[in-house]
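*Asks:* Okay, sequence plus prediction incoming.
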Amino acid sequence: MAEVTLDGTLERITFRNPDNGYTVARLASRGGEVTIVGNILGIEEGMPVRVSGEWVEDRKWGRQFKVSVCVPDSPKTVVGIEKFLGSKLFPGIGPALAKRIVEKFGRETLEVISATPHRLTEVIGIGTARAKTLAAAIAEQKHAQELMVFLFGLGVSPAFAARIVRKYGKDAINVVRSNPYRLAQDVWGIGFRTADSIAEKLGIARDAPERLEAGLLFALETAVEDGNVHLPDEELVAKAAELLAQPAELLAKPAEMLAPRLGALEQRGLVVREVLGHRGPCSSLPALYQAETESAAMLAELAKSPAKSFALDVGAAIAAFENVTGLELARQQRQAVEAALCDRCVVITGGPGVGKTTIVKAIVHLARLGHRRVALAAPTGRAAKRLGEATGAEAMTIHRLLEYAPHEGGFQRGREEPLDADVLVVDEASMVDAVLFHAVLSALRPGAQLVLVGDIDQLPSVGAGQVLGDVIDSGAATVIRLTEIFRQAAASKIVVSAHKINHGEMPEIDRAGDSDFYFVSRDEPEAARATIVEMVAERIPARFGFDPVTDVQVLTPMHRGELGTGAVNRALQERLNPTGAELVRGERVFRRGDKVMQLKNDYDKNVFNGDIGVIQMLDVDGGKVSVDFDGRGASYERNELDQLVHAYAVSVHKSQGSEYPAVVIALGSQHFMMLQRSLLYTAVTRGKKLVVIVGSRRAISMAVKNADAKRRYTWLAERVKTALAIA
């Protein structure tokens, strides 16, 4: 359909999202009043505008004009100028005074106000102060018009333009013109590529220092997203050169062109550079450098400090615990409990079915018996809830324990105000990243003990670092590796299969009969997706009695593709929740009863990244949604819906720290880039009562054989070893 242009005046705004500028409004044009919808930024009631877009037929609201570009315009006629001045844009003027101003100056009114505002005093009812106020308001509107024309001319979308204006205000044009690469650092959602496109339109040279520096920073930030705390300079320069591509000599001589720029970034404090042993010169972002170096110093100090002696005989206390609870600790479990009661820093690691939960229960019981205060925490809400249920003690997320307050500078618990706990137990420690570990260590009071419990063979944290592995390698902790699978757990094919995978062996996937672990062969991704939908919607509920929404969780390695989270979520929503009132946010369609996941920590709502819930209420007219997260309610305005995604299917990474009654794993050969042993192992261990893998035999084999998960660039273990050697 051909694009149409309309000129008119914005008469009335009926809805506006302040975050992205999405607006529903009435436009008075030559053909009469029409409804316009779209991302309309910086336009207020009474402003003349020119809009481009197309006519659409909305199922509920009828014919509307969908705006692609909206640019403020200057009124051209005497009537238009009068209406403009009498609008809500200029409070204190009103229609009567606007009429007198225009009668005095005619079509030159706006020029008179801009160039010679003192002449406004010639109009009855306008004094010097009011003349200055009106001139300032006109100047502000003119600036807004120039700003919109400038940003749209650079290809900036209305949503990004809204963020740019909120960030820089009146300085937006100067900031963007002087260094558009600042946008990638300052404005959420604008990355290097968008900033680079703007810079090219502004005529900034491809070898300009600010472009080369922005490329280096972007390459380093991308490395952090991959889990690295630092990057060797040689690798950083190569990645940046590939990213920047132009000028041609950059690829031929990257070091010569980029090394000086890396030095400039170091001088301005935007990167930290140091020589790290055999890796040579390396660079890191300042926040991560600080987190790792300070964590190493605190961990070394923790290891060097003598532990406070336990008030009771440990052996006798364990025996008493066994008598009271009816639980009998195995040799490795007993070693773990003894270490947790006697040593300053302890790591307890092992796979499913090896008794980690029993150990934590014993630690809590015996520590309290010895008059020690215990705090229990985990990285996610689900993991914390499970920890509390297993131990019968209060457990909370690490962020909540450390009293994270984003509006008050971050974690409130730290060196100045440490935790009031003698023993801190952190479960699912493989999920803890470098920054969070720094916060944990900072909050330990002098003399306190730290116990990290987790599975070292699971996927590492989503954030930068490999904390659990580095603490084990550092020599600062007493490490207990649990290997004995208990008899009850050994009866589970889930547990047996997980351990086989972890040892590089193929699980038994051809076994028939009753089991809690199944494989369904589907080589084609479309067929696999159809089978997954059938499994979740019909076969699993019918045979095992699980609820398809609340009990069954689909896991997949990737977000894109036929077996990615996007495609599988759409297919499952269409099957499980196909009708009802809808609230649309971008490409997502939300309905009452949808299974959704929170994407970011929201401390005001008390919901956290990875929490899964079900939409209980949906108000289309008001643009509101209410979600039940395991008994905790949270409400969302329309502009907050970006925090939610559908969660019928989630990525394996997002499932870390959670357990589900039934898990269906999508595993196809097209996932080859992600097929690693640790990923399959993590996915299988998420299922408590049932695991079904749907996909190809070859994909399982590829994952089992691939133990070479890419090693992350960290230096925590080496820093701790150095500190301990010096002591």
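*Replies:* Here it is on my side, so go on.
*Asks:* alpha carbons only for contacts and neighbour counts from here, please
*Replies:* Fine.
*Asks:* Residues contacting the strand ranked longest in the chain, please?
*Replies:* Longest strand in the chain by number of residues (criterion: DSSP state E): strand 4-16. The contact list for strand 4-16 (C-alpha atoms under 8 Å, 6 or more residues apart in numbering) reads 22-30, 43-54.
*Asks:* In its sheet, which strands sit next to that strand, and in what direction?
*Replies:* Strand 4-16 pairs in its sheet with strand 22-29 (antiparallel), strand 48-58 (antiparallel), by DSSP bridges.
*Asks:* Point out the most buried one among those strands.
*Replies:* strand 22-29 (a mean of 21; mean count of other C-alpha atoms under 10 Å).
*Asks:* if we can go back for a sec, export the strands paired with strand 4-16 to a markdown table and tack on distance to residue 564 and mean pLDDT?
*Replies:* Output for the strands paired with strand 4-16, formatted as a markdown table (distance: least, C-alpha to C-alpha, whole Å; pLDDT from 0 to 100):
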| stretch | distance to residue 564 | mean pLDDT |
| --- | --- | --- |
| strand 22-29 | 29 | 85 |
| strand 48-58 | 30 | 83 |
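*Asks:* Tell me which of those strands sits nearest to residue 38.
*Replies:* Of all the strands paired with strand 4-16, it is strand 22-29 that lies closest to residue 38, at 5.2 Å by C-alpha to C-alpha.
*Asks:* still on that earlier bit, give me the distance between the longest strand of the chain and the centre of its chain.
*Replies:* Chain-centre distance of strand 4-16: 35 Å, with C-alpha atoms, centre = their mean, to the nearest Å.
*Asks:* can you pull out the helices in the stretch 601-727 of the chain?
*Replies:* Per DSSP state H, counting those that start in this stretch, the stretch 601-727 of the chain carries helices over the ranges 677-684, 697-705, 716-726.
*Asks:* now the stretch 401-550 of the chain, which segments are flagged as low pLDDT?
*Replies:* 487, 489-490, 512-513 (pLDDT under 70).
*Asks:* quick one: low-confidence parts of the stretch 51-200 of the chain?
*Replies:* Within the stretch 51-200 of the chain, the stretches with pLDDT under 70 are 88-89, 145, 158-159.
*Asks:* Return the set of buried residues in stretch 78-87.
*Replies:* Buried residues in stretch 78-87, counted by 16 or more other C-alpha atoms under 10 Å: 78, 80-87.
*Asks:* Show me where the stretch 301-450 of the chain has its helices.
*Replies:* 314-325, 331-342, 356-369, 381-391, 398-401, 434-443.
*Asks:* For residue 234, find the nearest of those.
*Replies:* Closest approach to residue 234 among those (C-alpha to C-alpha): helix 434-443, 23.3 Å.
*Asks:* OK, contacts around residue 351?
*Replies:* Residues near residue 351 by C-alpha under 8 Å, 6+ apart: 455, 457, 482-483, 499.
*Asks:* buried ones in the lengthiest helix in the chain?
*Replies:* In the chain, assigned by DSSP state H, the helix with the most residues is helix 128-153. Of all the residues in helix 128-153, those buried under the rule 16+ other C-alpha under 10 Å are 130-132, 134-135, 137-138, 141, 144-148, 150-152.
*Asks:* next helix or strand past it?
*Replies:* Moving toward the C-terminus from helix 128-153, the next helix or strand (DSSP states H and E) is helix 158-168.
*Asks:* ok so, going back, and the helices of the stretch 601-727 of the chain, which is most packed in?
*Replies:* Of the helices of the stretch 601-727 of the chain, the one with the most neighbours on average (mean count of other C-alpha under 10 Å) is helix 677-684, at a mean of 25.
*Asks:* now that one against helix 697-705, angle please.
*Replies:* Angle of helix 677-684 versus helix 697-705, following axes from the mean of the first three to the mean of the last three C-alpha atoms, to 10 degrees, is 110 degrees.
*Asks:* what helix or strand is residue 33 on?
*Replies:* Using DSSP H and E, residue 33 falls in strand 32-39.
*Asks:* Kindly calculate the angle that that strand makes with helix 158-168.
*Replies:* Using the same axes, to 10 degrees, the inter-axis angle of strand 32-39 relative to helix 158-168 is 70 degrees.
*Asks:* Just the CA trace of the helix or strand that contains residue 293, in PDB.
*Replies:* Using DSSP H and E, residue 293 maps to helix 286-304. Output of helix 286-304 as PDB, limited to C-alpha atoms (Å, rounded to 0.1, in the frame of the first residue of the first chain):
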ATOM      1  CA  PRO A 286      36.300  -0.800  35.300                       C
ATOM      2  CA  ALA A 287      33.300  -2.200  37.200                       C
ATOM      3  CA  LEU A 288      34.300  -5.800  36.500                       C
ATOM      4  CA  TYR A 289      38.000  -5.200  37.200                       C
ATOM      5  CA  GLN A 290      37.000  -3.700  40.600                       C
ATOM      6  CA  ALA A 291      34.600  -6.600  41.300                       C
ATOM      7  CA  GLU A 292      37.300  -9.300  40.500                       C
ATOM      8  CA  THR A 293      40.300  -7.700  42.200                       C
ATOM      9  CA  GLU A 294      38.400  -6.800  45.400                       C
ATOM     10  CA  SER A 295      36.700 -10.200  45.500                       C
ATOM     11  CA  ALA A 296      40.200 -11.900  45.300                       C
ATOM     12  CA  ALA A 297      41.500  -9.800  48.200                       C
ATOM     13  CA  MET A 298      38.400 -10.500  50.300                       C
ATOM     14  CA  LEU A 299      38.400 -14.200  49.500                       C
ATOM     15  CA  ALA A 300      42.100 -14.500  50.300                       C
ATOM     16  CA  GLU A 301      41.600 -12.700  53.600                       C
ATOM     17  CA  LEU A 302      38.700 -15.100  54.400                       C
ATOM     18  CA  ALA A 303      40.900 -18.100  53.700                       C
ATOM     19  CA  LYS A 304      43.800 -16.800  55.800                       C
END
